[in-house]
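Fold the following and give me the result.
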Amino acid sequence: MELILWRHAEAEEGYPDAARKLTEKGLKQAHNMAQWLKPRLPKHTRMIVSPATRTQQTALALCDDFETTPEVGTGASVDTVISAAHWPYAENAVLVVGHQPTLGNIAASLICNKNTGFSIKKGAVWWFSCKQSAETGNIILRAVINPDMV
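Next comes the predicted model:
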């Protein structure tokens, strides 16, 4: 299974938090990362997206075929997102468009098996694979791409 974590791009300040929109820089970050992702995503990748405006805009830079679910929304827990993604048992790749610190905590739990999180840059993608065997799962960090790299 492939698990791709995509943090929303740069958003404006404001309230309410869920209504914050991407800045011009954020729109460009989302567009550039989407252009990097498009040729690399496996066929039949399932995309699950937070209902927050900034994550919706980030996802729309890639396509409009995604599921909006509060399970990956602001304040979501690692367990809720992992469950929504069906990690590591989903048949196809899953792209999660969500928020910090949850995505950083997921990355840390997959790499280090720790509760302390990593800081994921706005608009960045962290791409994981899991090769399941009868004895164990083997988690591989395939890529970390920041918007300024594409």
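
show me where pLDDT drops low in the protein?
115, 133-137 (pLDDT under 70).

for it, which helix is longest?
Determined from DSSP state H, the single longest helix within the chain is helix 24-37.

Report the buried residues of that helix.
Gly26, Leu27, Lys28, Gln29, Ala30, His31, Asn32, Met33, Ala34, Trp36, Leu37 (16 or more other C-beta atoms under 10 Å). Bear in mind the C-beta positions are built from the backbone N, C-alpha and C, glycine included.

repeat for stretch 77-88
Val78, Thr80, Val81, Ile82, Ala84, Ala85, Trp87, Pro88.

now for the residues you listed, which pair is the farthest apart?
Greatest spacing in these, by C-beta to C-beta: Thr80 and Pro88 (15.8 Å).

what's next to the longest helix of the chain, contact-wise?
4, 6, 8-11, 22, 54, 57-58, 60-62, 95, 122-125, 145, 147, 150 (C-beta atoms under 8 Å, 6 or more residues apart in numbering).

who's in contact with Leu141?
Per C-beta under 8 Å, 6+ apart, neighbours of Leu141: Leu110, Ile111, Trp126, Trp127, Phe128.
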